[in-house]
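any chance you could fold what I've pasted below:
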Amino acid sequence: MSYVVDFTTVSTVGLESSPVADALAGLRANEARYFRNKYDHEFTVDPASEATETVDWVHGILEDERDLVIAARPLEATSFVVDGTRMAYVFYESGLSINVMYGLEDGKKRAVGFKLSDGMEIPDELASRFKFARQKSKLAGTIRGSFFVIKGEH
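Residues are numbered from 1 along each chain as shown. As a prediction, this is how the structure comes out:
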């Protein structure tokens with residue numbers, strides 16, 4: 001069942017099994033606020049079990065581009081197009097959020113972003129490969145993030 005993320009009243013709906021559910025909910029709300037303010041887009045997520053095409057697309061990019069497999073269980077996912085860019089998000093039980101920004105036209109930006117919820121450790125599969133910068137968020141506390149540029153076609 002789809003869930004519209006409300007960034008004014010942060011809720012852990014769908015994320016309850018995460019040990020950092022409150023921080024992950026804040027991270028999800030932070031993304032919802034960004035897309036509402038920038039694109040007037042309503043950020044809606046589905047349980048990962050109902051969004052397998054999106055989860056598989058994100059995981060395929062990670063494996064093809066960086067031979068990377070995420071150990072954590074995906075809880076929710078979403079995919080949508082705004083301003084000529086396909087966006088996909090997967091939120092994991094560990095507190096990790098992965099987003100793919102994929103410009104639909106050749107030459108447009110294409111990248112994968114990783115965000116770590118406040119209070120979670122850097123996953124082993126990412127720790128030796130990426131440096132994480134910190135940013136503050138009213139909704140999510142301290143967010144640590146990193147990214148890489150997508151080189152192939154997906």
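
longest helix of the chain?
Looking only at the chain and at elements set by DSSP state H, the helix with the highest residue count is helix 21-39.

in the helix or strand of the chain with the lowest mean pLDDT, what counts as buried?
Within the chain, confidence by mean pLDDT, DSSP states H and E is lowest for strand 133-137 among all helices and strands, at a mean of 84. Neighbour-count burial for strand 133-137, with 16 or more other CB atoms under 10 Å as criterion, is recorded at Ser137. To be clear about C-beta, it is placed using only N, CA and C from the backbone, and glycine gets the same treatment.

list the helices and strands it packs on?
Contacts defined by 3 or more CB pairs under 8 Å, 6 or more residues apart in numbering; DSSP states H and E place strand 133-137 against helix 21-39, strand 141-149.

quick one: which of these is nearest Ala48?
Closest approach to Ala48 among the helices and strands packed on strand 133-137 is made by helix 21-39 (13.1 Å; CB to CB).
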